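Asker: Predicted structure and sequence below. I'll ask about it afterward.
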Amino acid sequence: MPTYLLTWNPKRWTWQDFLAARHKTVSGAPYDIEWRCGNGNVQLGDRVFMMRQGTRGRGIFAAGYAMGTPVVRPHYDGRRERCTFIPVRLEEILAVETDPVITPERLDEPDLSAGNWGTRQSGIRLPDDVAATLEALWTAALDPLRRLGLYGRKSS
């Protein structure tokens with residue numbers, strides 16, 4: 001399945017309802033949002049991972065799926081330009097301060113180093129082997145939380 005990297009830098013855009021979104025996914029409910037994406041090739045059902053950029057709390061912190069094809073809308077900060085957005089359903093959002101986030105150091109290791117982790121642009125397609133490794137790491141990060149009942153879906 002095609003897998004894309006979406007990015008968020010809190011210094012560039014304030015995610016007003018981030019805590020509410022995280023609490024929603026912790027309870028097992030998905031969180032839907034339109035996310036700015038420089039790639040118009042994302043399709044319904046494609047896998048997405050989100051990476052927090054910036055100086056603090058960097059790493060992969062959320063995962064979900066594209067819920068439709070890209071749409072063009074006005075820029076979120078009121079500029080005259082128009083941007084591409086994709087509807088996204090996030091199933092898991094981790095708190096970067098307390099939950100196990102896949103760190104930049106881990107992303108730089110050989111099995112993941114082919115990913116473009118330093119990008120500021122959302123919508124970079126991850127190579128299939130990198131996506132498979134990232135998926136396994138994501139599952140491993142969430143399993144302890146699920147076993148303890150601290151996250152919506154339980155592992156089997």
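Answerer: Perfect, I can see it now.
Asker: Which parts of this protein are helices?
Answerer: For the chain, helices defined by DSSP state H occupy the ranges 18-26, 104-107, 128-147.
Asker: Just tell me which of these ends up closest to residue 55.
Answerer: With CB to CB as the measure, helix 104-107 is the member of those nearest residue 55 (11.1 Å). Every residue, glycine included, has its C-beta placed from N, CA and C.
Asker: Quick check: buried residues in the closest one?
Answerer: 106-107 (16 or more other CB atoms under 10 Å).
Asker: distance between it and the chain's centre?
Answerer: Here helix 104-107 is found 15 Å from its chain centre; the criterion is CA atoms, centre = their mean, to the nearest Å.
Asker: pretty sure residue 33 contacts residue 88?
Answerer: Yes. Using CB atoms under 8 Å, residue 33 is in contact with residue 88, at 5.6 Å.
Asker: Between those two, point out the one with more neighbours.
Answerer: Neighbour totals were compared for residue 33 and residue 88, and residue 88 leads with 25 against 15 (other CB atoms under 10 Å).
Asker: Give me the nearest residue to that one, chain neighbours excluded.
Answerer: residue 35 (5.0 Å; CB to CB, 6 or more residues apart in numbering).
Asker: Could you list which residues are in contact with the spatially most central residue of the chain?
Answerer: For the chain, the residue sitting closest to the mean C-alpha position, by CA atoms, centre = their mean, is residue 50 at 1.8 Å. Counting by CB atoms under 8 Å, 6 or more residues apart in numbering, residue 50 makes contact with 5-8, 60-64, 90, 93.
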